[in-house]
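Asks: my questions concern the predicted model and sequence given below.
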Amino acid sequence: MPEASPFIGFRTLLYKEVLRFWKVAIQTVAAPVLNALLFLLIFSHVLDRHVTVYGGVAYTAFLVPGLVMMSLLQNAFANSSSSLIQSKITGNIIFVLLPPLSYRAFFAAYVLAAVLRGLLVAVGVWLMSACFVLTPIAHPLWALAFAVLGGALLATFGVIAGIWADKFDQLATFQNFLVMPLTMLSGVFYSIHSLPPLWQQISHFNPFFYMIDGFRYSFFGQSDASPWLSLGVVSLCFALLAALTLRMLATGYKLRG
């Protein structure tokens with residue numbers, strides 16, 4: 001039936017995107033988990049007895065939510081951005097654009113696949129971190145909300161980067177000068193209350209801070225900012241980026257001749 005065509009196209013594209021990263025899961029899922037565990041091993045060993053964070057929370061436990069969220073965000077961005085740039089460079093993007101697939105379905109398929117990869121990596125990091133310290137989730141719904149919204153936000157940003165970039169060098173600009181610095185300066189390895197007042201204020205302009213801080217709240221019930229404020233900021237950022245991305249897709253920016 002014609003009414004089913006858009007859903008079939010969306011489901012097929014989503015399957016293609018999931019299969020794309022799952023067929024090389026050693027590289028796309030296992031390797032990021034190992035990288036996060038190396039961070040945990042090194043930082044916890046060196047700083048566990050020297051850094052004070054929340055009352056009653058060991059530094060090693062404090063690190064886990066930050067590393068879980070950092071891995072989720074980076075992999076969600078990498079999945080959508082790398083898929084689009086590869087399709088553009090090889091020229092097979094035409095096979096995605098030719099079918100009767102709406103730009104909303106196109107957007108949803110790429111974002112959902114990227115969020116799924118990010119969640120798989122995040123769960124892997126959290127489970128493997130039990131080898132170092134047990135970190136139960138005190139508020140599962142908060143964890144799910146920030147994980148899904150944060151992953152969707154970075155996946156959307158990845159779609160923007162993949163559409164805009166014409167080669168891998170340009171895509172690396174997003175990763176090296178935006179995603180990586182903003183992630184590292186978001187409080188993954190420290191509480192912002194340990195910073196000088198000026199840098200505390202600057203941190204509040206970093207949307208990655210609210211994703212990390214809100215997700216950490218779901219573990220310990222403690223955070224540097226209100227979880228509701230963090231949820232609001234993340235939701236607003238996602239809505240703005242989603243609107244921009246949908247506009248780019250609707251006009252065929254850098255995708256259609």
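Replies: Right, received. Where do you want to start?
Asks: name the SS class of W142, please.
Replies: Put simply, W142 is helix when judged by DSSP: H, G, I helix; E, B strand; the rest coil.
Asks: for the chain, give me the ranges with low pLDDT.
Replies: Scanning the chain for pLDDT under 70 picks out 1-6, 47-52, 257.
Asks: can you rerun that using 80?
Replies: 1-6, 44-56, 256-257 (pLDDT under 80).
Asks: quick one, helices of it?
Replies: For the chain, applying DSSP state H gives helices covering 5-22, 25, 31-47, 59-90, 94-97, 103-128, 140-164, 168-174, 180-184, 197-203, 207-220, 227-251.
Asks: the second one: how far from the chain's middle?
Replies: This means helix 25. 17 Å (CA atoms, centre = their mean, to the nearest Å).
Asks: now do the same end-to-end measure for stretch 214-234.
Replies: 9 Å (CA to CA, to the nearest Å).
Asks: buried residues in it?
Replies: 214-220, 222-225, 227, 230-231, 233-234 (16 or more other CB atoms under 10 Å). For glycine as for every other residue, the C-beta is placed from the backbone atoms N, C-alpha and C.
Asks: which among those gets closest to F168?
Replies: Of all the buried residues of stretch 214-234, F168 sits closest to V234, with 28.4 Å by CB to CB.
Asks: next, work out how far apart the closest one and W199 are.
Replies: Going from V234 to W199 by CB to CB, to the nearest Å gives 21 Å.
Asks: got it, and L63?
Replies: The gap separating L63 from W199 is 20 Å, by CB to CB.
Asks: show me which of these two is the more surrounded one.
Replies: For L63 versus W199, the count of surrounding residues by other CB atoms under 10 Å is larger for L63: 28 against 11.
Asks: for the more buried one, what are its contacts?
Replies: Each residue near L63 by CB atoms under 8 Å, 6 or more residues apart in numbering is listed here: F39, L40, F43, S44, V188, F189.
Asks: can you put those in CSV and add neighbour count?
Replies: Below are the contacts of L63 laid out as CSV (neighbours: other CB atoms under 10 Å):
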residue, neighbour count
F39, 17
L40, 22
F43, 19
S44, 21
V188, 23
F189, 18
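Asks: farthest pair within those?
Replies: Farthest apart among these by CB to CB are S44 and V188. That separation is 12.9 Å.
Asks: show me which of the buried residues of stretch 214-234 is closest to I94.
Replies: Looking across the buried residues of stretch 214-234 and measuring by CB to CB, the closest to I94 is V234, at 34.5 Å.
Asks: what separates the closest one from Q201, distance-wise?
Replies: 19 Å.
Asks: same check, this time on F157
Replies: From F157 to Q201 the distance is 24 Å (CB to CB).
Asks: between those two, who's got more neighbours?
Replies: The residue with more neighbours, out of F157 and Q201, is F157; 24 against 11, by other CB under 10 Å.
Asks: next, the contact list for that one, please.
Replies: F77, S81, F174, V179, L241.
Asks: one more time with 6 Å, if that's ok
Replies: Contact partners of F157, counting by CB atoms under 6 Å, 6 or more residues apart in numbering, are F77, L241.
Asks: equivalent analysis for A109, please.
Replies: By CB under 6 Å, 6+ apart, the contact set of A109 is F10, L13, L14, E17.
Asks: all good on my end, thank you.
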